[in-house]
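Undergrad: The sequence isn't on hand, but the structure is:
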């Protein structure tokens with residue numbers, strides 16, 4: 001029973017972390033969109049930086065989703 005509670009707790013924590021990263025990624029993409037809407041060429045480097053950060057977050061989300069799948073299969 002304790003193992004089930006630990007697994008459930010771990011799954012819940014991982015899911016919570018994933019939601020936080022999803023929110024962060026959405027914020028990064030919105031910021032990049034806002035900078036693009038400004039139409040200033042000097043913002044291009046900032047937009048690229050934000051998009052790289054969003055891609056990094058998405059990779060982390062993918063890895064987290066895979067961990068969540070494995071944890072759910074065991075639980």
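TA: Great, that's in hand. Bear in mind that the values here come from a model prediction, so they are computed numbers and not experimental data.

Undergrad: Any stretches of this protein with poor pLDDT?
TA: Across the chain, the ranges flagged by pLDDT under 70 are 1-6, 39-41, 75.

Undergrad: That one: helices as residue ranges?
TA: Remark: helices assigned in the chain by DSSP state H are 2-38, 44-74.

Undergrad: Same list, the ones you listed, but as a markdown table with mean neighbour count please.
TA: All C-beta spots, glycine's among them, are computed from the backbone N, C-alpha and C. Formatted as a markdown table, the helices of the chain follow (neighbours: other C-beta atoms under 10 Å):
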| stretch | mean neighbour count |
| --- | --- |
| helix 2-38 | 13 |
| helix 44-74 | 14 |
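
Undergrad: residue contacts, the spatially most central residue of the chain?
TA: The centre of the chain sits closest to residue 21, judged by C-alpha atoms, centre = their mean, with a distance of 3.0 Å. Neighbouring residues of residue 21 by C-beta atoms under 8 Å, 6 or more residues apart in numbering: 57, 60, 61, 64.

Undergrad: Report the contact partners of the last one.
TA: What it means is residue 64. 14, 17, 18, 21.

Undergrad: And for residue 47?
TA: By C-beta under 8 Å, 6+ apart, residue 47 lies in contact with 32, 35, 36.
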